[in-house]
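1. Please work out how this folds:
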Amino acid sequence: MKRYGLFHPLVLSFYSPSLYRDVAENWTGVGLLYLLLLLALAWIAPIAHLHRSTAGLLETISPAVLEQIPTVSIHAGEVSIEEPQPYVVRIPGSDTPLAVIDTTGRTTPENSQAMLILTKRQAIVRKNLHETRTYDLSGIRDLTVDRRTVAGLLDACKRWLAVAAYPFAVAGSFVYRIVQALIYAGIGLLFARLLDTSLDYPELLRLACVAITPAVAADTLRAVAGYASSPVWWLACFVISMGYLLFAVRANAGREETQARPTGPQAEPTLV
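-> The predicted model follows:
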């Protein structure tokens, strides 16, 4: 009979051999539902931190940025402004251009580090120092962007950026952790062989999903504290996860084989 529920590993995974025995023997599926729960909880604090820092930054720089915003008209896919060009909107306190409006074609991603370059018919967004994305404006028939419009966008960003980022953060990390758990379960097969423990791959996959809990918790604390990640930190998290996976396999060493395994083909595990 199943002894522990989905929420118990959030605490017991740090120290309880009986939890890991219960996960291997009595849980069903491959542990993905617990993994999703873990990540959904783990991202709450970092997203709250992102919300506070983003709101504070926008509150600081918004007035200075808004003062520089011209009235931009886009008619039949063509950009126009009344100010002399190239028109540069700068980050307050820095010479770094935030946006450049230049319908003459003189400003390009090659000669400007601006995050946004607005040309006569295109919007060029810089994703990083080496990559840009170009959007054609031909589909815009009539649009005017002024200070009031930008102020509304900045206010919405302050209010909703974190909320919008949360599902993407959880989903992205979920995919990453699934791949990680699949690899760790393979390593678990080696641990099981070394300890002469009868654990199959679905059981080890469940154990891997639970065993990464301490590493996920440590990484969450690092992010909230504001420390940057690094290869050394990734290695430390890997070592922590491997230590707990070995602990989980050892907890199942010598378990009684009275619950005879079916001799026929086993049903496929459900993804929970």
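2. got the contact list for Val170?
-> Leu36, Leu39, Ala40, Trp43 (C-beta atoms under 8 Å, 6 or more residues apart in numbering). Any C-beta I mention is one placed from the backbone N, CA and C, and that applies to glycine too.
3. Out of these, grab the one that's most surrounded.
-> Per-residue neighbour counts (other C-beta atoms under 10 Å) across the contacts of Val170 peak at Trp43, which has 23 neighbours.
4. Next, it: phi, psi?
-> The phi and psi torsions at Trp43 (degrees, to the nearest 10) take the values phi -80, psi -10.
5. Out of the contacts of Val170, list just those in helices.
-> Among these, the subset assigned to helices under DSSP state H consists of Leu36, Leu39, Ala40.
6. residue ranges with poor pLDDT in the chain?
-> For the chain, residues meeting the criterion pLDDT under 70 lie at 254-272.
7. Now do the helices in it.
-> Along the chain, the stretches classed as helices by DSSP H are 9-12, 17-26, 32-42, 44-68, 147-194, 201-211, 213-225, 231-251.
8. Buried deepest among those, which one?
-> helix 201-211 (a mean of 26; mean count of other C-beta atoms under 10 Å).
9. Remind me what it packs against, helices and strands.
-> Helix 201-211 sits against helix 17-26, helix 32-42, helix 147-194, helix 231-251, with contacts defined as 3 or more C-beta pairs under 8 Å, 6 or more residues apart in numbering; DSSP states H and E.
10. the inter-axis angle of it versus helix 147-194?
-> Helix 201-211 and helix 147-194 meet at an angle of 130 degrees, taking axes from the mean of the first three to the mean of the last three C-alpha atoms, to 10 degrees as the criterion.
11. could you give the angle of helix 201-211 to helix 17-26?
-> Here the directions of helix 201-211 and helix 17-26 differ by 150 degrees (the same axes, to 10 degrees).
12. Going forward, count from 845.
-> Taking 845 as the first residue, the last one we looked at is helix 1045-1055.
13. now the angle from helix 1045-1055 to helix 876-886?
-> Taking the same axes, to 10 degrees, one finds that helix 1045-1055 is oriented at 10 degrees with respect to helix 876-886.
14. How about the contacts made by the residue nearest to Val1093 when sequence neighbours are not counted?
-> With C-beta to C-beta, 6 or more residues apart in numbering as the criterion, Val1093 has its nearest non-adjacent residue at 4.3 Å, and that residue is Phe1035. With contact taken as C-beta under 8 Å, 6+ apart, Phe1035 is in contact with Thr1041, Leu1089, Leu1090, Val1093.
15. try it again with 7 Å
-> By C-beta atoms under 7 Å, 6 or more residues apart in numbering, the contact list for Phe1035 reads Leu1089, Leu1090, Val1093.
16. Leu881 now?
-> Counted by C-beta under 7 Å, 6+ apart, Leu881 has contacts Leu850.
17. measure it to Tyr1045 for me?
-> Computed with C-beta to C-beta, to the nearest Å, the distance linking Leu881 and Tyr1045 is 22 Å.
18. same deal with Gln966?
-> Computed with C-beta to C-beta, the distance linking Gln966 and Tyr1045 is 51 Å.
19. Which of the contacts of Val1014 sits closest to Met959?
-> Met959 has its nearest neighbour among these in Trp887, at 25.6 Å by C-beta to C-beta.
20. Hmm, the closest one is touching Ala1013, no?
-> Yes: proximity of Trp887 to Ala1013 meets the contact threshold set by C-beta atoms under 7 Å, at 5.0 Å.
21. contacting residues around the nearest residue in space to Leu1026 that is not next to it in sequence?
-> Spatially, and ignoring its direct neighbours in sequence, Leu1026 is nearest to Leu1049 (7.0 Å; C-beta to C-beta, 6+ apart). Contacts for Leu1049 were tallied using C-beta under 7 Å, 6+ apart; they are Val874, Gly875, Ala1025, Leu1026, Ala1029.
22. ok, the nearest residue to the first one once chain neighbours are set aside to Leu880 distance?
-> When the adjacent residues along the chain are set aside, Val874 lies closest to Leu1049, with 4.4 Å between them (C-beta to C-beta, 6+ apart). Using C-beta to C-beta, we find Leu1049 at a distance of 14 Å from Leu880.
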